[in-house]
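Enquirer: Next one to model:
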Amino acid sequence: MPKKDRDTPLTQEALIKEVCRRIRVARSYWDAHNNAACRHERDRALQLYNTLTKEQKDQIPQVLRVWLRYRSEKYFGAHRTPPQRKKSKN
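Expert: From the prediction side, this is the model:
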């Protein structure tokens, strides 16, 4: 998204498309075993997803909703150990 467009609120249709895009990006990071990037994109997608109404959530493909919920609960839930910072090599 261009920098100037980040400040303007998204319309309903654009918001739904952005949520779907972020979930797909998170899935691609997951498939590539890039867990830190996946966690970051999933958090962004979840943040936007939680702003949607029930009718808007129903417009998101079920496959994406299931993936977001499954990954959120199983792999990134509160019961999991948070990611550790990598120690620098000295």
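
Enquirer: what ranges of this structure fall below the confidence cut-off?
Expert: Applying pLDDT under 70 to the chain flags residues 1-9, 71-84, 86-90.

Enquirer: Give the buried residues for the lengthiest helix in it.
Expert: Criterion DSSP state H: the longest helix present in the chain is helix 12-31. Judged by neighbour count (16 or more other Cβ atoms under 10 Å), helix 12-31 contains these buried residues: Leu15, Ile16, Glu18, Val19, Cys20, Arg22, Ile23, Val25, Ala26, Arg27, Tyr29, Trp30. (Glycine included, C-beta is placed from N, CA and C.)

Enquirer: For Thr51, state which of those residues is nearest.
Expert: Leu15 (7.3 Å; Cβ to Cβ).

Enquirer: Of the buried residues of helix 12-31, just say which sits nearest to Leu48.
Expert: Val19 (4.8 Å).

Enquirer: separation between that closest one and Arg85?
Expert: Using Cβ to Cβ, to the nearest Å, one gets 29 Å for the distance from Val19 to Arg85.

Enquirer: now do Tyr29
Expert: In this structure, Tyr29 and Arg85 are 19 Å apart, going by Cβ to Cβ.

Enquirer: Now stretch 49-66 - C-alpha only, CSV.
Expert: Written as CSV, here are the backbone C-alpha positions of stretch 49-66 (Å, rounded to 0.1, in the frame of the first residue of the first chain):
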residue,chain,number,x,y,z
TYR,A,49,-10.4,-8.8,10.9
ASN,A,50,-11.6,-7.9,14.3
THR,A,51,-12.9,-4.5,13.0
LEU,A,52,-15.2,-6.2,10.6
THR,A,53,-18.9,-6.7,11.2
LYS,A,54,-20.4,-10.2,11.0
GLU,A,55,-21.7,-9.6,7.5
GLN,A,56,-18.3,-8.5,6.3
LYS,A,57,-16.6,-11.5,8.0
ASP,A,58,-19.0,-13.8,6.0
GLN,A,59,-17.7,-12.3,2.8
ILE,A,60,-14.1,-13.5,3.5
PRO,A,61,-13.6,-17.0,2.1
GLN,A,62,-14.1,-19.7,4.7
VAL,A,63,-10.7,-21.3,3.9
LEU,A,64,-9.0,-18.1,5.0
ARG,A,65,-11.1,-17.6,8.1
VAL,A,66,-10.5,-21.2,9.2
